[in-house]
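Novice: would you be able to build a 3D model of this:
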Amino acid sequence: MEKQFLIDDFKIGESWRLFKIMGEFVGGVEALHDIGPAVSIFGSARIKADNPIYKQAEEIAALFVKNNFAVITGGGGGVMEAANKGAADAGGTSVGLNINLPFEQEPNRHANVKLVFDYFFIRKVMFVKYAFAYIILPGGFGTLDELFEAVTLIQTKRIKPLPVILVDSEYWSGLIDWIKSKLLAEKRISAEDADILQVLDDPEEIVHAVKKVVII
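Specialist: Model (predicted):
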């Protein structure tokens, strides 16, 4: 079986793997450099097509396409599949950035631009490099990872400010309350940092919030 823990595999004499890393970067940039304005949409891979969140992701993606945005997802199932489907069915660019995992992640059939990565960190660069906004639907650890990485990059001014929108106020309310009652109240972050996050439910409002700060 192919070695699973790739990041641990840099042993003496194996620096040739750096060329594979470079190749993944080059492949991503070559495939995405001309996609135009895009949003990266995140959420659980584990929801099914009959889940209201699936339908919501599909609707949001389609609406972004109708407003001249491409849609980027992780290329897997659940919310990713729904967003790719919504974008493709609306006639837009539907990007799936898949990752080789030993479980869970299978490419969905709705992405019309498909890339496969071995390294998470390269995939993460592609998500943020080409995104004009991050749209975060309910999800688990992977979704939280993408969320807080984007927030940290914005906070530390390593990337341009972009809208980071949490979709489903009921789902995210506990997290927002904790950020305010702990991080903000105890001065672990500033009020400006807390304002990076927006919480919205209506697809039209979500697209409008992005268009307010993005000139196409």
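
Novice: put the alpha carbons of the helix or strand harbouring Val151 into CSV.
Specialist: Element membership of Val151 [criterion: DSSP states H and E] is helix 141-155. Extracted C-alpha coordinates of helix 141-155, given in CSV (Å, rounded to 0.1, in the frame of the first residue of the first chain):
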residue,chain,number,x,y,z
PHE,A,141,-12.8,19.2,11.5
GLY,A,142,-11.8,19.7,7.9
THR,A,143,-14.2,22.6,7.5
LEU,A,144,-13.0,24.2,10.7
ASP,A,145,-9.4,23.8,9.6
GLU,A,146,-10.1,25.7,6.3
LEU,A,147,-12.2,28.3,8.2
PHE,A,148,-9.6,29.2,10.8
GLU,A,149,-6.7,29.0,8.4
ALA,A,150,-8.4,31.7,6.3
VAL,A,151,-9.2,33.8,9.3
THR,A,152,-5.6,33.6,10.6
LEU,A,153,-4.2,34.6,7.2
ILE,A,154,-6.5,37.6,7.0
GLN,A,155,-5.8,38.5,10.7
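
Novice: so which bits of that helix are buried?
Specialist: By 16 or more other C-beta atoms under 10 Å, the buried positions in helix 141-155 come out as 142-143, 146-147, 150-151, 153-154. All C-beta atoms are positioned from the backbone trio N, CA, C, and that covers glycine.

Novice: swap in stretch 125-137?
Specialist: For stretch 125-137, the neighbour count (16+ other C-beta under 10 Å) marks 125-128, 130-137 as buried.

Novice: among these, which lie within helices?
Specialist: 125-128 (DSSP state H).

Novice: pLDDT and distance to Val214 added to these, as CSV?
Specialist: Below are those laid out as CSV (pLDDT from 0 to 100; distance: C-beta to C-beta, whole Å):
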residue, pLDDT, distance to Val214
Val125, 96, 20
Met126, 97, 19
Phe127, 97, 16
Val128, 96, 15
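
Novice: CSV please, covering those residues and showing distance to Pro37.
Specialist: Formatted as CSV, these follow (distance: C-beta to C-beta, whole Å):
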residue, distance to Pro37
Val125, 18
Met126, 15
Phe127, 15
Val128, 14
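
Novice: what about stretch 164-174, average pLDDT?
Specialist: Within the predicted structure, the mean pLDDT of stretch 164-174 is 98.

Novice: could you count how many residues lie near the nearest residue to Thr73 once chain neighbours are set aside?
Specialist: Leaving aside its sequence neighbours, Thr73 sits nearest to Met80 (C-beta to C-beta, 6 or more residues apart in numbering; 4.0 Å). Number of residues near Met80 (other C-beta atoms under 10 Å) recorded here: 30.

Novice: which element is Met80 on?
Specialist: helix 79-89.

Novice: quick check: next helix or strand after that helix?
Specialist: strand 94-99.

Novice: what about the helices in the protein?
Specialist: When secondary structure is read from DSSP H, the chain shows helices at 17-32, 52-66, 79-89, 120-129, 141-155, 169-178, 191-194, 203-211.

Novice: okay, angle between the fifth one and helix 120-129 too, please.
Specialist: Orientation check (axes from the mean of the first three to the mean of the last three C-alpha atoms, to 10 degrees): helix 141-155 against helix 120-129 gives 60 degrees.

Novice: only alpha carbons, please: show the helix or strand of the chain with the lowest mean pLDDT as CSV.
Specialist: None of the helices or strands of the chain scores lower by mean pLDDT, DSSP states H and E than helix 17-32, at a mean of 93. Below are the C-alpha coordinates for helix 17-32, written out as CSV (Å, rounded to 0.1, in the frame of the first residue of the first chain):
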residue,chain,number,x,y,z
ARG,A,17,9.8,14.4,-3.3
LEU,A,18,10.3,18.1,-3.4
PHE,A,19,10.0,17.9,-7.2
LYS,A,20,6.6,16.2,-6.8
ILE,A,21,5.5,19.0,-4.5
MET,A,22,6.7,21.6,-7.0
GLY,A,23,4.8,19.6,-9.7
GLU,A,24,1.6,19.8,-7.7
PHE,A,25,2.0,23.5,-7.3
VAL,A,26,2.6,24.0,-11.0
GLY,A,27,-0.3,21.8,-12.0
GLY,A,28,-2.7,23.8,-9.7
VAL,A,29,-1.5,27.2,-11.0
GLU,A,30,-1.7,26.1,-14.6
ALA,A,31,-5.2,24.8,-14.2
LEU,A,32,-6.7,27.7,-12.2
